[in-house]
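> fold the following.
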Amino acid sequence: MSLQTTELTKSFGGVRAVDSATVTFLPGKVNALIGPNGSGKTTFFNCVTGMVRPDSGTARYRGRDITGAPAHRIARAGIGRSFQLCRIFPRMTALENLLVAVRAPGLLGKLLPARQRADVARAQHLLERVGIEHLAEAQARDMSYGQQKLLELAGVLMTDPETIMLDEPAGGVNPALLERIAALVRELNAEGRTFVIVEHNMDLVMSLSDHVVVFDRGRPIATGTPGEVRADPAVLEAYLGV
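This next block holds a predicted model:
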């Protein structure tokens, strides 16, 4: 198994955002996590990636218990993620944003010039791969929102994660850049990386995903192929109230 949760639960006050969610995402596949607004998808992501500590339940990655572990340890375990709103350093250049993700701190970093050169070369390669190499020296705040999304994805790739969790990669992105993001997901998946994607763009979900999990009111109500969940009465009721 790649990533799975058992009875994962998180409440905020009297609101149970994630409600005893037991989910398995398929390794080596593009998994989608969908559901109406407020169904707990992002809170679930935050619990799994160490941004929020769950109240109960477990999260396991490759058989290892990661429940409540800090975000940096989960990242080192092989999980990288993006956010609904890009988390970048606006006053740094695109190249600097990527180097921050892997730079060794303090004296150690200064004693490893070979590593520094390797990191710069990797950052330049990833900027080229996502199609923004021409913006390497541009400040992130001067880039379009779609370019910032590509920069954030490149930053996730700097740590070479086996599993990539993307929170609404299509949000605020124009059609051309959306096609580029979709192509990158397909390419990276073909290279062996697992994806878990929260997304509201159903055309993207249905064309990109191998496996879909549908949330409603904090818990999964359907799983299966895109075709299976699209025809599931529980999914139609959750989205359309029919």
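> low-confidence ranges in the chain?
Confidence mapping of the chain against pLDDT under 70 gives the ranges 1, 103-115, 240-242.
> quick one: the strands in it, in order.
Here the chain has its strands, by DSSP state E, at 3-12, 15-25, 30-34, 56-61, 64-65, 79-81, 163-167, 194-198, 211-216, 219-224.
> may I see these arranged in JSON lines, with distance to residue 181 and mean neighbour count as well?
For glycine as for every other residue, the C-beta is placed from the backbone atoms N, C-alpha and C. Converted to JSON lines, these look like this (distance: least, CB to CB, whole Å; neighbours: other CB atoms under 10 Å):
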{"stretch": "strand 3-12", "distance to residue 181": "21", "mean neighbour count": "19"}
{"stretch": "strand 15-25", "distance to residue 181": "19", "mean neighbour count": "19"}
{"stretch": "strand 30-34", "distance to residue 181": "12", "mean neighbour count": "25"}
{"stretch": "strand 56-61", "distance to residue 181": "24", "mean neighbour count": "18"}
{"stretch": "strand 64-65", "distance to residue 181": "29", "mean neighbour count": "10"}
{"stretch": "strand 79-81", "distance to residue 181": "15", "mean neighbour count": "24"}
{"stretch": "strand 163-167", "distance to residue 181": "8", "mean neighbour count": "23"}
{"stretch": "strand 194-198", "distance to residue 181": "10", "mean neighbour count": "24"}
{"stretch": "strand 211-216", "distance to residue 181": "18", "mean neighbour count": "23"}
{"stretch": "strand 219-224", "distance to residue 181": "24", "mean neighbour count": "19"}
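> domains of this protein?
Per automatic domain parsing, the structural domains of the chain span 1-78+161-169+189-242, 83-160.
> I'd like to know how far residue 196 sits from residue 96.
Separation of residue 196 from residue 96 (CB to CB, to the nearest Å) stands at 28 Å.
> on that earlier part again, out of the strands of the chain, flag the one nearest residue 120.
strand 79-81 (19.7 Å; CB to CB).
> paired strands for that closest one, with orientation please.
The strands that strand 79-81 pairs with in its sheet are strand 163-167 (parallel) (by DSSP bridges).
> please state the offset of the strand it pairs with from the chain centre?
Chain-centre distance of strand 163-167: 2 Å, with CA atoms, centre = their mean, to the nearest Å.
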